[in-house]
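Enquirer: Quick one: sequence plus predicted model below, questions after.
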Amino acid sequence: MKNLWQTALAALLLCAGLNPASGAEPIKIGSFLAVTGPASFLGDPELKTLQMYVEDLNAKGGVKGRKLELIHYDTGGNAKDAVSFVKRLIKNDNVDLIIGGTTTGDTLAVIPDVEKEGIPFISLAGAVDIIEPVKKWVFKTPHTDRMAVAKIYEDLRKRGLTKVAIITGDGGFDKSGREQLLKLAPQYGITIVADESYGNKDTDMTAQLTKIRATDAQAIINFGLGQAPAIVTKNIKQLGITLPLYQSHGVASKTFIDLAGDAAEGARLPAAALVVAEQLPDTDPQKPVLLAYKNKYEAKHGPVSTFGGHAYDGLMIAVAAIQQAGGTDKAKVRDEIEKTQGFIGTAGVFNTTPQDHMGLTVDAFKLVEIRNGSWKIVQ
Amino acid sequence: MLEQFFQFLVTGVTVGSLYALVGLGFALIYNASDVVNFAQGEFVMLGAMTAIALLGAGLPLPLAAIAATLAAILVGLLLERFAIEPAQGASVVTTIIITIGAAIFLRGVALLLWGKDFHALPSFSGDAPIHLGGATVLPQSLWVLGVTVLLVGLVRAFFNHTLLGKALLACSFNRAAAQLVGINVRVMLRLAYGLSAGLGAIAGILIAPITFSSYEAGVMLGLKGFSAAIVGGIGNPMGAVAGGVLLGLLEALGAGLISSGYKDAIAFLFVLMVLFFEPAGLFGRKVAERV
């Protein structure tokens, strides 16, 4: 029994110790990310980025003289958990705004609560459905899959290719990408001559690709995440298919090149400028922002990914809005986020409007080609 | 069309041999203890990840592969000693649940050690595809096929022609009787876990250049290997191989001829049908339980 009391006392003291004795209330930033689970390669760099920059901002004296406090929960990519964590963030932790929602599933699940409670929410997930139709309190920083598809189709049109085969995985990202591929094709005069799929944990896609080889496709588009696109790329080489290959922004990381090796040479994909930061002309206003983020992240955590960059964008937009609003009044902060103009982030230049709660244009994507194991901007 | 069909067959056999190799490990432990070891997939992952890590540390590939296999065998032995043996009197179901726990534990350790990224092992003999008629196959797939055939032969010879193998089999038929005729059941169990961990690791190292590996790669491979083993009749090494190849062929032909969206459904439907009509598997030993 004595032990129990001691533990309780220690716990109490610990809790008390967590509240800094400084006069001003901290600004509470709530976050729920998929740090573990299948989307961990997205959530993990996002959390590291948030922690790194919250620490950094606090070291510089905080925002408006108030320290930032990051309250974070790991959803493991489970939408149900995301909902209960967001309820907890709003009701128990009384956070001032929320940055998070690694996956589209997590984000869409929490939107009803966010809208009901009226709290500014910046999502880090990809799908266009998050901001279309516009929801009052919901914003997002990553590019949408529709922009990725548009970027690929623009390049196909430039090369005069009209018949494509698509091959996609069975995850949410893949399916949403496939939908956009099918939806946008007529606008760009593109015919989809084969529409194949695979399981994201499959080990071989040669059967599907053999079918594609038998069609009159002029290019192959693969929309997927993780190791599967690397296997697709290798299988294409194995089957001796020489059609131009397009991948999605989902594989814009060094891991993809490492896994696919030589087979990845010549593949093109839309990617955030972060992966080609060094190659941008010095006149590009994004360049210093990108290099600063990249160097800071890599000094602490190893190779940078574009996904962590989305968290950086979200945090910085939120901080700017709080500064403009002169405090953490939720309605005012929301209005200021909506008025974000010319904010230079890692994903591009944000110009948010009441009609567009993301604020990026297709130009925010760079079309890159894999050359000699690295990314080259396609001019 | 014929050329396409041939490619589907080649794909099916290469994918199937991969499942077969994993299924083989299931058969071994089942033979010794009637237990399905759900940590088998994790042995596969451990083999691959250890080899990748050692290669990264500068060891040449053959040495890294051997060291990784030995490391996995050690893990298998430790697992038996510290998780299975303490629960000696427990029922088969309890032991199976322990192996599930062990699988989760091993995944966690791998996550801490190697992070969440996927890693690849270089192919043993290059990436230039080999042309067989109209179809192409990777040299690494031939490695998988060849080693599968070799290991199946060895496992079969072990069970049929060595005293040790027969003693192992005896343990699963009747543990008490085996003990009475002087077989040290405890040592046999350790042997089974060590061997199947080694088999799993070899499988993992062989297939890592094709499928890549990550801390959770064992889940899917374990599932497919397990399906292969039960289709063929668990406990029968030849059955596991036949089951694996059948499964691979069904997936490839299903994806190629019907629809890639339904290929897993087709394969699992087949597994269900087999279990429905031949509960002991296609090549399983028929046992009549006395009630």
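Expert: Everything's here; your move.

Enquirer: which residues of the stretch 101-250 of chain B fall in strands?
Expert: B:130-132, B:135-137 (DSSP state E, counting those that start in this stretch).

Enquirer: for the residue lying closest to A:Q208 once chain neighbours are set aside, which residues make a bridge with it?
Expert: Spatial nearest neighbour of A:Q208, excluding adjacent residues (CB to CB, 6 or more residues apart in numbering or on different chains): A:E196 at 4.0 Å. Any C-beta I mention is one placed from the backbone N, CA and C, and that applies to glycine too. Here A:E196 sits in beta bridges with A:I167, going by DSSP bridges.

Enquirer: hang on, isn't A:E196 packed against A:T206?
Expert: No: A:E196 lies out of contact with A:T206 (CB atoms under 8 Å); the separation is 11.3 Å.

Enquirer: So for those two, which residue has more residues nearby?
Expert: A:T206 (30 against 23; other CB atoms under 10 Å in any protein chain shown).

Enquirer: A:A219: what's it in contact with?
Expert: Shown in contact with A:A219 (CB atoms under 8 Å, 6 or more residues apart in numbering or on different chains): A:156, A:159, A:161, A:163-165, A:243-246.

Enquirer: try it again with 6 Å
Expert: A:161, A:164, A:243-244 (CB atoms under 6 Å, 6 or more residues apart in numbering or on different chains).

Enquirer: Grab the CA positions of stretch A:232-248 and hand them over as CSV.
Expert: Output of stretch A:232-248 as CSV, limited to C-alpha atoms (Å, rounded to 0.1, in the frame of the first residue of the first chain):
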residue,chain,number,x,y,z
VAL,A,232,6.2,-3.7,-60.7
THR,A,233,9.2,-1.7,-62.0
LYS,A,234,11.5,-4.7,-61.8
ASN,A,235,8.9,-7.0,-63.4
ILE,A,236,8.5,-4.6,-66.4
LYS,A,237,12.3,-4.9,-67.0
GLN,A,238,12.2,-8.6,-66.6
LEU,A,239,9.5,-9.0,-69.2
GLY,A,240,11.4,-6.8,-71.6
ILE,A,241,8.7,-4.1,-71.8
THR,A,242,10.2,-0.9,-73.1
LEU,A,243,7.2,1.4,-72.8
PRO,A,244,7.6,4.7,-70.9
LEU,A,245,6.8,4.1,-67.2
TYR,A,246,5.1,6.6,-65.0
GLN,A,247,5.0,6.2,-61.2
SER,A,248,3.0,8.3,-58.7
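
Enquirer: Buried residues of it, list them for me.
Expert: A:232-239, A:241, A:243-248 (16 or more other CB atoms under 10 Å in any protein chain shown).

Enquirer: next one: stretch A:52-72
Expert: In terms of neighbour count (16+ other CB under 10 Å), stretch A:52-72 has its buried residues at A:52-54, A:57-58, A:62-63, A:66-72.

Enquirer: which residues sit against that stretch?
Expert: Contacts for stretch A:52-72 (CB under 6 Å, 6+ apart): A:24, A:26-31, A:50, A:93, A:95, A:315, A:319, A:322.

Enquirer: and that stretch, C-alpha only, in CSV?
Expert: The C-alpha coordinates for stretch A:52-72 follow below in CSV (Å, rounded to 0.1, in the frame of the first residue of the first chain):
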residue,chain,number,x,y,z
MET,A,52,11.7,19.2,-34.3
TYR,A,53,10.1,22.5,-35.2
VAL,A,54,8.0,22.9,-32.1
GLU,A,55,11.3,22.5,-30.1
ASP,A,56,12.9,25.0,-32.5
LEU,A,57,10.2,27.6,-32.2
ASN,A,58,10.2,27.3,-28.4
ALA,A,59,14.0,27.8,-28.3
LYS,A,60,13.4,31.0,-30.2
GLY,A,61,10.9,32.2,-27.6
GLY,A,62,7.7,30.6,-28.9
VAL,A,63,4.9,32.4,-30.7
LYS,A,64,3.6,35.7,-29.4
GLY,A,65,5.6,35.1,-26.3
ARG,A,66,3.8,31.8,-25.6
LYS,A,67,5.4,28.4,-25.8
LEU,A,68,4.1,25.7,-28.1
GLU,A,69,3.0,22.4,-26.7
LEU,A,70,2.6,19.4,-29.0
ILE,A,71,0.1,16.8,-27.9
HIS,A,72,0.3,13.7,-30.0
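
Enquirer: Tell me the gap between that stretch and the middle of its chain.
Expert: Here stretch A:52-72 is found 22 Å from its chain centre; the criterion is CA atoms, centre = their mean, to the nearest Å.

Enquirer: what do you get for stretch B:188-208?
Expert: On CA atoms, centre = their mean, the centre of stretch B:188-208 falls 8 Å from the chain's centre.

Enquirer: Send me that stretch as PDB with only the CA atoms.
Expert: Only the C-alpha atoms of stretch B:188-208 are listed here, as PDB (Å, rounded to 0.1, in the frame of the first residue of the first chain):
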ATOM      1  CA  MET B 188      13.800 -33.400 -30.700                       C
ATOM      2  CA  LEU B 189      11.700 -30.300 -30.200                       C
ATOM      3  CA  ARG B 190      14.700 -28.000 -30.000                       C
ATOM      4  CA  LEU B 191      16.000 -29.700 -33.100                       C
ATOM      5  CA  ALA B 192      12.700 -29.100 -35.000                       C
ATOM      6  CA  TYR B 193      12.600 -25.400 -34.100                       C
ATOM      7  CA  GLY B 194      16.200 -24.800 -34.900                       C
ATOM      8  CA  LEU B 195      15.900 -26.600 -38.300                       C
ATOM      9  CA  SER B 196      12.700 -24.800 -39.300                       C
ATOM     10  CA  ALA B 197      14.100 -21.500 -38.300                       C
ATOM     11  CA  GLY B 198      17.100 -22.300 -40.500                       C
ATOM     12  CA  LEU B 199      14.900 -23.300 -43.400                       C
ATOM     13  CA  GLY B 200      12.900 -20.100 -42.900                       C
ATOM     14  CA  ALA B 201      16.000 -18.000 -42.900                       C
ATOM     15  CA  ILE B 202      17.300 -19.600 -46.100                       C
ATOM     16  CA  ALA B 203      13.900 -19.000 -47.700                       C
ATOM     17  CA  GLY B 204      14.000 -15.400 -46.600                       C
ATOM     18  CA  ILE B 205      17.500 -14.800 -48.000                       C
ATOM     19  CA  LEU B 206      16.700 -16.400 -51.300                       C
ATOM     20  CA  ILE B 207      13.500 -14.400 -51.900                       C
ATOM     21  CA  ALA B 208      14.700 -11.000 -50.500                       C
END
